[in-house]
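Undergrad: need the 3D shape of this:
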Amino acid sequence: MDNKKFSITKNRRLYNGLLLVIFTAILFFITIHKLETNKFNLKIGDIATTNIRATKDLEDIYTTEKLKIDAMNKVEPRYRISPSVQMTMKNTIKDFLDTTRDIKAQESISINKKAHLLNEKQELGLSSKEIYIALRMDYKSLNNFENNLMDLINQVMGNGIKETELEYEKENLVKTFESLDMKDEEKQLGLLLMNATIKANEFLDKAETDRRKEEEAKKIETVILKENEIIASQGTTIGERELELIRESGLLKEDNKIPIGVIIGTVMLISLGMSIIVGYIYLFNNEILYNNRLLILLIIILSSIIICKEMYLISPYIMPVATAALLISMLIEPKLGLLVNMFLSFFLGFILRLDASTITMYMISGCIAALIAIKQEQRYNILLNGFIVGAINLLALTSFKLAKGVGGIDSVTIAGYSFLNGIIAAILTLGSLPVWENAFSVLTTLKLLELSNPNQPLLKKLLLEAPGTYHHSILVGNLSEAAAESISANPLLARVASYYHDIGKTIRPYYFAENQFGMENPHNKLQPMQSTTIITSHTIDGMALGKEKKLPKEIIDIIEEHHGNTAVAYFYYKAKELDKDMDISIDAFRYKGRKPQTKEAAIVMLADSSEAAVRSMKDLTKEKIEDMVRKVVQGKLKDGQLDECNVTLKEIEITIHSFVNVLTGIYHDRIEYPNVEEKLEA
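TA: Alright, predicted model coming up:
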């Protein structure tokens, strides 16, 4: 076991080390990119201030591609004739004429009956008039008529008909039939049959067309811009072609060689800044190193730098630096948010060459953003924080300039950008917060507040299907919250987890005493082992419901751990009483969950058992309540249920006093309580 823990710790250290190395390298390249000296600081749309010439022979890919595209566009599309269309047309007409012959051969029925039969079998849309024309033709005429149509189909369809030419060909058929040596009524029938079956049979041959285009494109030779030829003349606009050629020539800013001193200085500055953040985490909150919070922290810092760099192109006063402070305060902790804001303010000031007033503005507003993000009761409060940050930006900028004796903000644009800065930071925070919560399974205060809403599906289900358990859970929540506050645990997590800790009881609510309301106890008809299975399964059922409804892992863990592996003593002793000769192990009557791993889980366990125990008492006084709570807590301690969590004996004593105070307040006017014959672990 020790070797396993050592291996996990070692892997986590390697992972954290790799993250920090990658992050530092990215910061280095971002910094170098901003600090390097330019030869030509150009972008698309700029005007060349001098003639820019190629330093070597260059492939003018842009011009070459343009010539290839022009050559490909000149290629005429290739078409192919589909013989199946012509064959289908012939078969359709032949089938109709064969059917006509078959019906004509039925001499025992009248012409009208024959017309009716032929009309039912034909699907060419012929009218009664055309039907009678076909039936009145003798067999020889039908054969000649069919041969003429087949020849005409070969003639018309042989050259191919495109979709766009179909209507034109139908019009030509009228003239064609007029020239044929046929009776007028036969011409009428033939024209209708042709129009009913004719379809386009010449289609674009994409493969052949593409092949021809590729052949033409290959004929275009690569355009070479010779050394010393002009890439962009003085006064001309820099386009995509010019910029790419300048880059290939090594004349763009990004191609400058960087002095070794700049590299060393940059590495040292970034390392010093990161050592402050990492040192704080290691000394004051090293839990971050053992979960995904370090990755979240580094992503937030890097994303903030990238976004701020882009926003800087609009104005140095609009960069949403406070976004990082808001997010880190809500997702990790406020003190770290303060520290990161200081780092970002100096780092961005360094690489973007911000003046002192702007750096001061970001330092002050970001620190205040970290502080006001501590207590968030609704998500829309984040927008209010954005307005506050914007106002602080204006105040900080104005006060700095006044203190320097250079007056206040002298531009409406600067004032607007400074205020808009806070709004943008709030929008980015509000929009990305659900992503952090879901992608990294981060349980925030806002998420907990949402889960505490009684309209949450699981809480409504608990209220409607197990009202006694719901009332019990609310009381456990009050106990847990008060105790968590007194020992510096997370009171909101303890309260919300208490609301959900018994949701598994909704599967079989009437097998739990608090939901029976005077009805016959169903456990009277069950064997002790059966009852134990039902009682202990509510933690497993609760975990399943929690996972189904996507409850946070922290709450699902408390659902699993709030009974640990406690034994259901009542049914154990009942089983021994029923079969005194059998050697029954108490382990068979234990819950299958883990022991509490956190202070919050331990508090919920103790609050759950304490409330259930006190509820079953009569003639309550503060002394009796305290005695009962101590018995419950001592029982858990002796059973080893608190061995795996980091709660101290002093904190347990504080928790007991907290429970007693709350329970005394709840039950102070309750004198008589109904006897509970079966004290089940709730």
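Undergrad: where in the stretch 401-550 of the chain is pLDDT low?
TA: Filtered on pLDDT under 70, the stretch 401-550 of the chain yields the residue ranges 405-410.
Undergrad: how about the strands in it?
TA: Shown for the stretch 401-550 of the chain, no strands are assigned by DSSP state E, counting those that start in this stretch.
Undergrad: please enumerate the helices of it.
TA: Secondary structure of the stretch 401-550 of the chain by DSSP state H, counting those that start in this stretch: the helices cover 412-439, 445-451, 457-465, 467-486, 491-500, 528-548.
Undergrad: out of these, nearest to residue 287?
TA: Closest of the helices of the stretch 401-550 of the chain to residue 287 is helix 491-500, at 14.4 Å (criterion: CB to CB). Quick note: C-beta positions are derived from backbone N, CA and C, even for glycine.
Undergrad: quick one, the closest one and helix 528-548 angle?
TA: Interaxial angle, helix 491-500 versus helix 528-548 (axes from the mean of the first three to the mean of the last three CA atoms, to 10 degrees): 130 degrees.
Undergrad: can you name the residues in contact with stretch 554-568?
TA: 443, 451, 493, 496-497, 500-501, 503-504, 531-532, 535-536, 539, 542-543, 546-547, 586-587, 589-598, 600-601, 604-605, 608, 636, 639, 641, 680-681 (CB atoms under 8 Å, 6 or more residues apart in numbering).
Undergrad: which among these count as buried?
TA: Using 16 or more other CB atoms under 10 Å as the burial test, the contacts of stretch 554-568 include 443, 451, 493, 496-497, 500-501, 503-504, 531-532, 535-536, 539, 542-543, 546, 589-591, 593, 595-598, 600-601, 604-605, 608, 636, 641, 680-681 as buried.
Undergrad: what is the subsequent helix or strand relative to the strand or helix carrying residue 116?
TA: Element membership of residue 116, judged by DSSP states H and E, is helix 111-121. Sequence-wise, the next helix or strand downstream of helix 111-121 (DSSP H and E) is helix 128-136.
Undergrad: whichever helix or strand comes after that next one packs against which elements?
TA: As assigned by DSSP H and E, the chain's next helix or strand after helix 128-136 is helix 139-158. For helix 139-158, the packing partners by 3 or more CB pairs under 8 Å, 6 or more residues apart in numbering; DSSP states H and E come out as helix 83-104, helix 166-178, helix 184-197.
Undergrad: what does the helix holding residue 116 contact?
TA: Residues contacting helix 111-121 (CB under 8 Å, 6+ apart): 99-100, 103-104, 106, 109, 126, 128, 131-132, 134-135.
Undergrad: report the angle between the axes of it and helix 83-104?
TA: Helix 111-121 and helix 83-104 are oriented at 150 degrees to each other (the same axes, to 10 degrees).
Undergrad: residues of helix 111-121 that come out buried?
TA: Per 16+ other CB under 10 Å, helix 111-121 contains these buried residues: 114-115, 117-118.
Undergrad: need the max-distance pair from those.
TA: Farthest pair in these, by CB to CB: 115 and 117, 7.4 Å.
Undergrad: thinking again about what came up before, relative to helix 128-136, how tilted is the helix holding residue 116?
TA: Going by the same axes, to 10 degrees, helix 111-121 makes 110 degrees with helix 128-136.
Undergrad: starting at the chain centroid, how far to helix 111-121?
TA: Mean-position distance between helix 111-121 and its chain equals 65 Å (CA atoms, centre = their mean, to the nearest Å).
Undergrad: could you dump that helix to PDB, C-alpha only?
TA: What follows is helix 111-121, C-alpha atoms only, in PDB (Å, rounded to 0.1, in the frame of the first residue of the first chain):
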ATOM      1  CA  ILE A 111     -63.800  -1.600 -75.900                       C
ATOM      2  CA  ASN A 112     -64.800   0.400 -72.900                       C
ATOM      3  CA  LYS A 113     -63.800  -2.400 -70.500                       C
ATOM      4  CA  LYS A 114     -60.500  -2.700 -72.300                       C
ATOM      5  CA  ALA A 115     -59.900   1.100 -72.000                       C
ATOM      6  CA  HIS A 116     -60.700   0.800 -68.300                       C
ATOM      7  CA  LEU A 117     -58.200  -2.000 -67.800                       C
ATOM      8  CA  LEU A 118     -55.500  -0.300 -69.800                       C
ATOM      9  CA  ASN A 119     -56.000   2.900 -67.900                       C
ATOM     10  CA  GLU A 120     -55.500   1.100 -64.600                       C
ATOM     11  CA  LYS A 121     -52.300  -0.500 -65.700                       C
END
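Undergrad: could you give the mean pLDDT of that helix?
TA: Taken as a whole, helix 111-121 carries a mean pLDDT of 81.
Undergrad: returning to what we had before: tell me the most buried of the helices and strands packed on helix 139-158?
TA: When you average the neighbours per residue for each of these (mean count of other CB atoms under 10 Å), helix 184-197 leads with a mean of 18.
Undergrad: pull the distance from it to the chain's centre.
TA: So, by CA atoms, centre = their mean, the centroid of helix 184-197 is 63 Å from its chain's centroid.
Undergrad: summarise which helices and strands it is packed against.
TA: With 3+ CB pairs under 8 Å, 6+ apart as the test, helix 184-197 has helix 83-104, helix 128-136, helix 139-158, helix 166-178 packed against it.
Undergrad: can you tell which of the ones you listed is closest to residue 62?
TA: Proximity to residue 62, assessed across those by CB to CB, is greatest for helix 166-178 (42.4 Å).
Undergrad: neighbouring contacts of the closest one?
TA: With CB under 8 Å, 6+ apart as the test, helix 166-178 has contacts from 152, 156, 161, 187, 190-191, 194-195, 198-200.
Undergrad: what is the most widely separated pair among those residues?
TA: Farthest pair in the contacts of helix 166-178 (CB to CB) is 187 and 200. Separation: 23.9 Å.
Undergrad: can you pull out the helices in the stretch 201-350 of the chain?
TA: Counting by DSSP H, counting those that start in this stretch, the stretch 201-350 of the chain has helices at residues 206-218, 240-248, 260-284, 293-312, 322-331, 334-352.
Undergrad: which of those has the lowest mean pLDDT?
TA: Mean pLDDT is lowest for helix 240-248 out of those, coming in at a mean of 73.
Undergrad: please save the CA atoms from that helix in PDB.
TA: C-alpha atoms of helix 240-248 as PDB (Å, rounded to 0.1, in the frame of the first residue of the first chain):
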ATOM      1  CA  GLU A 240      -1.100  38.400 -48.500                       C
ATOM      2  CA  ARG A 241       1.300  37.700 -51.300                       C
ATOM      3  CA  GLU A 242       3.700  40.400 -50.300                       C
ATOM      4  CA  LEU A 243       3.600  39.500 -46.600                       C
ATOM      5  CA  GLU A 244       4.400  35.900 -47.300                       C
ATOM      6  CA  LEU A 245       7.300  36.700 -49.600                       C
ATOM      7  CA  ILE A 246       8.700  39.200 -47.000                       C
ATOM      8  CA  ARG A 247       8.500  36.400 -44.400                       C
ATOM      9  CA  GLU A 248      10.200  33.900 -46.700                       C
END
